[in-house]
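K.L.:
the following block contains a protein sequence and its predicted model.
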Amino acid sequence: MTTTEDPTTAAAPDPGPLIRLTIADCAAKVLHSAVTLGVFGALADGPADAGQVAGSTGLHHRMAGDFLDALAGLGLLERTGGRYRNSPLAQSYLVPDSTSYLGGFVELTNETLYGTWGRLTEALRSGEPQHLDPDKGGFVGDKHQDPGKMKRFLAGLDAYSDRMGSELARRIDWGRYGSFTDLGGARGNLAAVLVRAHGHLKATCFDLERTRPLFTEHIGGLGLGDRVAFAGGDFFTDPIPQADVIVLGHILHGFDTDRRRALLGRVFDAVRPGGTVLVYDRMIDDDRSDPERLLSSLHMRLVSPDGSEYRVADCQDWLREAGFTNGAAQPLLATHTLVTAHR
């Protein structure tokens, strides 16, 4: 005799993962507020109690205890005997004016992502981008019209490009090359990291002409004006400055497949014989199973009419079609993929 289990009495799965996913943005907002209020800077020199932190940051006493304890629960603070200190993670990356500060990037995401993702349902129904900027895939928005906003935006990107530049400086055998061009190099921070790490290199940042004043200010302040140059223009209509290496970081994901192919063809012509192209993005794994990469691709579809992330194999195919050889892929910073190919 066989029996079947009554589905109404079977044990239901734990809803915990669903609940945590539902409120995931709450934890992010706690981090954003802590950066904005200066909590980590207030604790940079040592522990303090809730009253002291509130006094130096403007936290209201009614909110301070739960807020600071939440930061401790998230691994950003440590609490001992009623006193708080920065966790090693926060001390490394969230103390203002430190060389590894990522707070600018935290503020950037808070300012740019929430409004856009709040319109996801509308985008899913209409297929239309919700925050359109043709130059930067939507991430800059109107900040070019406000120099102060643009500087804060670029400072956030600098925090990220510092890490990316350091990783590229270590991964690539730059001794084989004398020059590189960074497409979409903004105010030149990634280029600055690379030329500082490898004293023989010369660099050119190729970006929209309106970026030139920001580049000049930043690179001049770093004292690298003789080693990092700026070329203003459009990727698809103006000559790409020739170099031994051309870097495309967060570039291809802003365009559709036809324009990606066209751009890589122009890049091939600009890479000197024996040179190399470096492409990095949050590329989708080939079996499309990594949720973080897919969310990044969905973001690009939200903010641009044609952009999206793309599979590693697709990138390798486009490079081969352009004339490059030996396109090899490797993980980069645990969040990106780097594809290297040669002319």
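P.N.:
Noted; the coordinates are in hand.
K.L.:
switch to C-alpha atoms for all contacts and neighbour counts from now on
P.N.:
OK.
K.L.:
for the longest strand seen in the chain, packing partners?
P.N.:
Longest strand of the chain, by residue count under DSSP state E: strand 271-281. With contacts taken as 3 or more C-alpha pairs under 8 Å, 6 or more residues apart in numbering; DSSP states H and E, strand 271-281 sits against strand 243-249, strand 336-342.
K.L.:
out of those, which is the most enclosed?
P.N.:
Ranked by mean neighbour count, the helices and strands packed on strand 271-281 are led by strand 243-249 with a mean of 23 (mean count of other C-alpha atoms under 10 Å).
K.L.:
picking that back up, buried set for the following helix or strand past the longest strand of the chain?
P.N.:
Sequence-wise, the next helix or strand downstream of strand 271-281 (DSSP states H and E) is helix 291-303. Residues R293, L294, S296, S297, L298, H299, M300, R301, L302, V303 are the ones in helix 291-303 that count as buried (16 or more other C-alpha atoms under 10 Å).
K.L.:
same question, stretch 202-222
P.N.:
Residues 202-208, 211-212, 214-216, 218-219 are the ones in stretch 202-222 that count as buried (16+ other C-alpha under 10 Å).
K.L.:
and which of the buried residues of helix 291-303 is nearest to W318?
P.N.:
Among those, S297 lies closest to W318 (C-alpha to C-alpha), at 18.2 Å.
K.L.:
distance of that closest one from D162?
P.N.:
For S297, the distance to D162 equals 23 Å [C-alpha to C-alpha, to the nearest Å].
K.L.:
same question for G16.
P.N.:
For G16 relative to D162 (C-alpha to C-alpha), the value is 37 Å.
K.L.:
which one's more surrounded, these two?
P.N.:
D162 (20 against 9; other C-alpha atoms under 10 Å).
K.L.:
tally of neighbours for D226?
P.N.:
10.
K.L.:
helices along the stretch 51-200 of the chain, start to end?
P.N.:
In the stretch 51-200 of the chain, the helices defined using DSSP state H, counting those that start in this stretch lie at 61-73, 88-93, 103-117, 120-126, 147-171, 189-197.
K.L.:
can you flag the weakest of the ones you listed by average pLDDT?
P.N.:
In terms of mean pLDDT, the lowest-scoring of the helices of the stretch 51-200 of the chain is helix 147-171 (a mean of 78).
K.L.:
next, work out how far apart the residue nearest to L157 when sequence neighbours are not counted and L94 are.
P.N.:
Closest residue in space to L157, ignoring its immediate chain neighbours: F105 at 6.2 Å, by C-alpha to C-alpha, 6 or more residues apart in numbering. Separation of F105 from L94 (C-alpha to C-alpha) stands at 10 Å.
K.L.:
between those two, tell me which one has more neighbours.
P.N.:
Neighbours of F105 and L94, each counted by other C-alpha under 10 Å, are more numerous for L94; the result is 27 against 20.
K.L.:
need phi/psi at the more buried one.
P.N.:
Backbone dihedrals for L94, given as degrees, to the nearest 10, come out at phi -120, psi 10.
K.L.:
my read: it touches E107, true?
P.N.:
No - using C-alpha atoms under 8 Å as the test, L94 is too far from E107 to be in contact (11.1 Å).
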